[in-house]
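[1] Make a model of this:
(4 chains)
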Number of protein chains: 2
Amino acid sequence: MVAPERRRRVTISDVAKHAGVSKAAVSKVIRNDYGVSQSMRDRVKRAIDELGYRPQAAARALRGRSFTIGVLMQHIGIPFYAEIMTGLVDQLTESDYQAIMIQGGTRDKTEKRAIDALIDRQVDGILMIAPLAARTHLEQVAREIPTLVLGRHDRSPAYDSIVDDDRTGSELVMEHLIELGHRRIGHITFHQEHVRPADQMPRIRADTYERVMREHDLAGEIAVATTSYTEEGGYDGARELLGRSPRPTAIFAGSDEAALGVLAALHEAGLSVPGDVSVAGYDNTKLAAHPNIALTTVDQDGVVMGRTAGRLLLERIEGRTSAAHFSVIPSLVVRRSTASPRPHSSS
Amino acid sequence: MVAPERRRRVTISDVAKHAGVSKAAVSKVIRNDYGVSQSMRDRVKRAIDELGYRPQAAARALRGRSFTIGVLMQHIGIPFYAEIMTGLVDQLTESDYQAIMIQGGTRDKTEKRAIDALIDRQVDGILMIAPLAARTHLEQVAREIPTLVLGRHDRSPAYDSIVDDDRTGSELVMEHLIELGHRRIGHITFHQEHVRPADQMPRIRADTYERVMREHDLAGEIAVATTSYTEEGGYDGARELLGRSPRPTAIFAGSDEAALGVLAALHEAGLSVPGDVSVAGYDNTKLAAHPNIALTTVDQDGVVMGRTAGRLLLERIEGRTSAAHFSVIPSLVVRRSTASPRPHSSS
DNA sequence: TACCTTGCATAGACCGGTCTACGTGCGCGA
DNA sequence: TCGCGCACGTAGACCGGTCTATGCAAGGTA
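    You can find the predicted model right below:
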């Protein structure tokens, strides 16, 4: 029984010695740098394989790159983010880069700590999914590290951005509901601090809701509950809307998660879906497709967004300085949670 | 209009110069090391604040610690993992450590790449959630870095572990169903490669299912579908079980996600829940509580598991060498997806 | 007074990579 | 033959921290 001798990690010097060449040569081979003969390349690669060498990211980061992309998200439990990650990982799998994720939480302070943590860890690029921070702060971060903001309508020359075309998506939902014959349509939204109103994704969905209502001469029927995009928010918002008299015949929740809360509230109130009230969400999360939910919603291709994010970040890291802005066109997915209102429905 | 001058990051030398002391002194203050006078401490802290200095993790990692805990998970979309992260982050928030997550995917190769990525990034501790890797590989990793394995019943002196008491949890479900009067109860499980059968969490749930069946003289009614713990797996498994004649009156799915698939399959087959078939899951994910799902399931406190994981890892990093093994006692949550079978139910 | 211990502060090596500057050999045109 | 450019390879500084070894002064002891 020998003590579990913690053997030293293989370093670049070990490889160099083993191959009978200099550290610099090994480094060049690893980085596919210019100025290495074929024989040298072969020799070093063999030595790397024989010793099982893997470069240490911390040491590389100190001088060059860390080969790490940091992803900031409020919480990993949000289903739509999983799709984005699938796309991102898929895109990065070809490259030498690795994606790491960090939770920023729902408060400004915790998010700032998370962003700092990524910067301190020298990530080569940051993907921020729906960050809370003020635009000036994002620009400050972007000055230090290639940054891509996803899900916010800020456009800054300092960073790239990817957004769903929330205007189009919301129009799709509203036209669908109105075409079904609904007039009393409620909406659930929320308010982000520190973000310019016009840049807020929830605000754009809400504004579009109001605009379409007005365009159909339904200004008098506008009813908005401002809570949050969570299940709890949807629940609270629905209860607020259902308290009105006459109550709405349809509710357009700003997100699928909120829509789940709406369904829960309707269930609790003994109202049927879509018999008494139609419900629509936004995001087309996996759950929306489940037959027990069967939610009409807007599909924005999260996988494509993630993949695009990866590509844009790699481009930035390679040196692109001009800002890229990408918009994904959403589509409507109609399921059983929406139908024409009952003709006699009032109060 | 000036070019956005990318100013150099503040380093420890800058702080030292600003405070008129040595680098070593600053380093000591940062690490709360012994041998620093109060006046020195104050002076350095002031300089740090004035310059807005934050140490660079890569540089620290090269010599000492990276103050990073790496979390490996197959995919961030798995709801139960979100609870674990909540607990972990909560525990670490007091310390200087930061949790970063990495996706290992569902294949051995991709998981290995993810684990290597964490090691290469010099994390101080690794939390592996239900890893696929063989035990020998885990032990090898644990020799290099403090490791905690969550959700697998391997016990190794090389690493700590946290498990749900799957035996008890499965018993709770089975006793509940049998007490309701069910006799034809099906089960959905899956098979992990590389893991010793006795250490597999799904296997333990399945074995307990079979044992309880036998203890109630129901050996002849045992029906197991081996698919996976995903929604798709649950769907396929349910279709397999429903193909039997007479069909089961209850299905115990090994996980909530699988149970969702079961519900979908039942819906598609035109069978009601719990009228025609009762369904039980495992994990008590947030979704199980939704009134449209209302799934009877087993609650294992993910937040406590995550918090415990954080504590144990910090202890290991501080030098504990003996292995710790933690077991969480689950409880049954009864909802509307289970009820007594219809008396006349046959075929 | 000589010697030892203890507390505090510092200089400089060190971690494992990258990168710059430079040396060497070879082919080619004048 | 000489000079030049080019391809290839290497030595050693460097990144920003930590850590070891050492210096120095104050206070205690014989």
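[2] Can you get me a residue count around the closest residue to A:Tyr81 other than its chain neighbours?
    Spatially, and ignoring its direct neighbours in sequence, A:Tyr81 is nearest to A:Met73 (5.1 Å; CB to CB, 6 or more residues apart in numbering or on different chains). (C-beta placed from N, C-alpha, C; glycine too.) Neighbour count for A:Met73, taken as other CB atoms under 10 Å in any protein chain shown: 28.
[3] Equivalent analysis for A:Glu139, please.
    A:Glu139: 17 neighbours (other CB under 10 Å).
[4] ok, it - contacts?
    A:156, A:158-159 (CB atoms under 8 Å, 6 or more residues apart in numbering or on different chains).
[5] In what element of secondary structure is it found?
    Following DSSP states H and E, one finds A:Glu139 within helix A:135-144.
[6] Can you give me the buried ones in that helix?
    Under the neighbour-count criterion of 16 or more other CB atoms under 10 Å in any protein chain shown, helix A:135-144 has A:135, A:137-139, A:141-142 buried.
[7] ok, back up a step: which one (most neighbours) among the contacts of A:Glu139?
    Ranked by neighbour count (other CB under 10 Å), those have A:Tyr159 at the top, with 25 neighbours.
[8] for that one, which residues make a bridge with it?
    A:Ser156 (DSSP bridges).
[9] the helices in the stretch 201-347 of chain A, which residues?
    In the stretch 201-347 of chain A, the helices defined using DSSP state H, counting those that start in this stretch lie at A:201-215, A:231-242, A:256-268, A:302-317.
[10] Mean neighbour count and distance to DNA strand D added to those, as TSV?
    Below are these laid out as TSV (neighbours: other CB atoms under 10 Å in any protein chain shown; distance: least, CB to the nearest atom of the strand, whole Å):
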stretch	mean neighbour count	distance to DNA strand D
helix A:201-215	20	36
helix A:231-242	22	41
helix A:256-268	25	40
helix A:302-317	22	19
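[11] helices or strands next to the helix or strand hosting A:Ser39 in the packing?
    Using DSSP H and E, A:Ser39 maps to helix A:38-51. Packed against helix A:38-51 by the contact rule (3 or more CB pairs under 8 Å, 6 or more residues apart in numbering or on different chains; DSSP states H and E) you find helix A:12-19, helix A:23-30.
[12] Does the first one reach DNA strand C?
    Just to be clear, that refers to helix A:12-19. Yes. For helix A:12-19, a contact with DNA strand C is found by CB under 7 Å from any atom of the strand, at A:12-13.
[13] pLDDT on that helix, on average?
    Average pLDDT, helix A:12-19: 96.
[14] Show residues contacting that helix.
    Contacts of helix A:12-19 (CB under 8 Å, 6+ apart): A:22-23, A:25-27, A:30, A:43-44, A:46-48, A:50-51, A:53, A:55.
[15] what does the last one give?
    Identification of contacts with helix A:23-30 by CB under 8 Å, 6+ apart yields A:12-13, A:15-16, A:19, A:33-36, A:40-41, A:44-45, A:47-48, A:55.
[16] A:Asp199 reaches A:His153, doesn't it?
    Yes. Between A:Asp199 and A:His153 there is a contact at 4.5 Å, judged by CB atoms under 8 Å.
[17] Look at the two and report which has more neighbours.
    Per other CB under 10 Å, whichever of A:Asp199 and A:His153 has more neighbours is A:His153, with 21 against 18.
[18] Quick check: that one vs A:Val163, distance?
    6 Å (CB to CB, to the nearest Å).
[19] Common neighbours of those two, please.
    Shared contacts of A:His153 and A:Val163, defined by CB under 8 Å, 6+ apart, comprise A:Met201.
[20] Does A:Asp108 touch A:Ile115 like I think?
    No. A:Asp108 sits out of contact with A:Ile115 when judged by CB under 8 Å, with a separation of 10.6 Å.
[21] Show the contacting residues for A:Val212.
    A:Val212 neighbours (CB under 8 Å, 6+ apart): A:170-171, A:174-175, A:178.
[22] same thing but 6 Å
    A:Val212 makes contacts with A:Met174, as judged by CB atoms under 6 Å, 6 or more residues apart in numbering or on different chains.
[23] Check the one 10 residues further on too.
    A:Ile222 makes contacts with A:210, A:213, as judged by CB under 6 Å, 6+ apart.
[24] any idea how far it is from A:Glu215?
    12 Å.
[25] Same check on A:Thr86?
    From A:Thr86 across to A:Glu215, the span is 37 Å (CB to CB).
[26] And A:Asp108 and A:Ile115? Which one has more around it.
    Neighbour tally, A:Asp108 and A:Ile115, criterion other CB under 10 Å: the higher count belongs to A:Ile115, 24 against 16.
[27] The residue sitting nearest the centre point of chain A bridge partners, please.
    For chain A, the residue nearest the mean C-alpha position is A:Ile129 (4.1 Å; CA atoms, centre = their mean). Listed by DSSP bridges, the beta-bridge partners for A:Ile129 are A:Leu150.
[28] Okay, buried residues for stretch A:72-80 please.
    Result for stretch A:72-80 [16+ other CB under 10 Å]: buried residues A:72-80.
[29] ok, now stretch A:175-195?
    Applying 16+ other CB under 10 Å to stretch A:175-195 flags A:176-178, A:180, A:182-190, A:192, A:195 as buried.
[30] re earlier: which residues does the helix holding A:Ser39 contact?
    A:10, A:15, A:18-19, A:26, A:29.
[31] re earlier: could you export the contacts of A:Glu139 as TSV, including pLDDT?
    Output for the contacts of A:Glu139, formatted as TSV (pLDDT from 0 to 100):
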residue	pLDDT
A:Ser156	93
A:Ala158	95
A:Tyr159	97
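[32] Quick check: A:Val195 vs B:Gly302, distance?
    For A:Val195, the distance to B:Gly302 - CB to CB - is 31 Å.
[33] Enumerate the residues of the stretch 101-250 of chain A near chain B.
    Proximity of the stretch 101-250 of chain A to chain B (CB under 6 Å from any CB of the partner chain) is limited to residues A:101-103, A:117, A:120-122, A:143.
[34] low-scoring stretches of chain A, by residue?
    A:1-7, A:344-347 (pLDDT under 70).
[35] Up against DNA strand C, what does it have?
    A:8-9, A:11-13, A:23-24, A:26-27, A:30-31, A:33, A:53, A:55-56, A:59-60, A:62-65.
[36] Tell me the buried residues within those residues.
    Burial by neighbour count, 16+ other CB under 10 Å: within the residues of chain A next to DNA strand C this picks out A:11-12, A:26-27, A:30, A:53, A:55-56, A:59-60, A:65.
[37] Adding distance to A:Glu232, write those out as CSV.
    Putting those into CSV (distance: CB to CB, whole Å) gives the following:
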residue, distance to A:Glu232
A:Thr11, 52
A:Ile12, 52
A:Val26, 55
A:Ser27, 53
A:Ile30, 50
A:Tyr53, 50
A:Pro55, 46
A:Gln56, 44
A:Ala59, 46
A:Arg60, 44
A:Arg65, 42
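[38] is DNA strand D contacted by the helix holding A:Ser39?
    Yes. Helix A:38-51 reaches DNA strand D (CB under 7 Å from any atom of the strand) through A:39-40.
[39] In terms of secondary structure, what does whichever helix or strand comes after that helix contact?
    Proceeding N to C from helix A:38-51, the next assigned helix or strand is helix A:57-63, under DSSP H and E. Counting contacts by 3 or more CB pairs under 6 Å, 6 or more residues apart in numbering or on different chains; DSSP states H and E, helix A:57-63 is packed against helix B:57-63.
[40] Determine whether any part of the helix it packs on lies close to DNA strand D.
    Yes. Judged by CB under 7 Å from any atom of the strand, helix B:57-63 comes into contact with DNA strand D at B:59-60, B:62-63.
[41] residues making contact with the very next helix or strand once past that helix?
    Next helix or strand after helix B:57-63 toward the C-terminus (DSSP H and E): strand B:68-73. Strand B:68-73 has contacts (CB under 6 Å, 6+ apart) with B:81, B:97-102, B:104, B:114, B:118, B:123, B:125-129.
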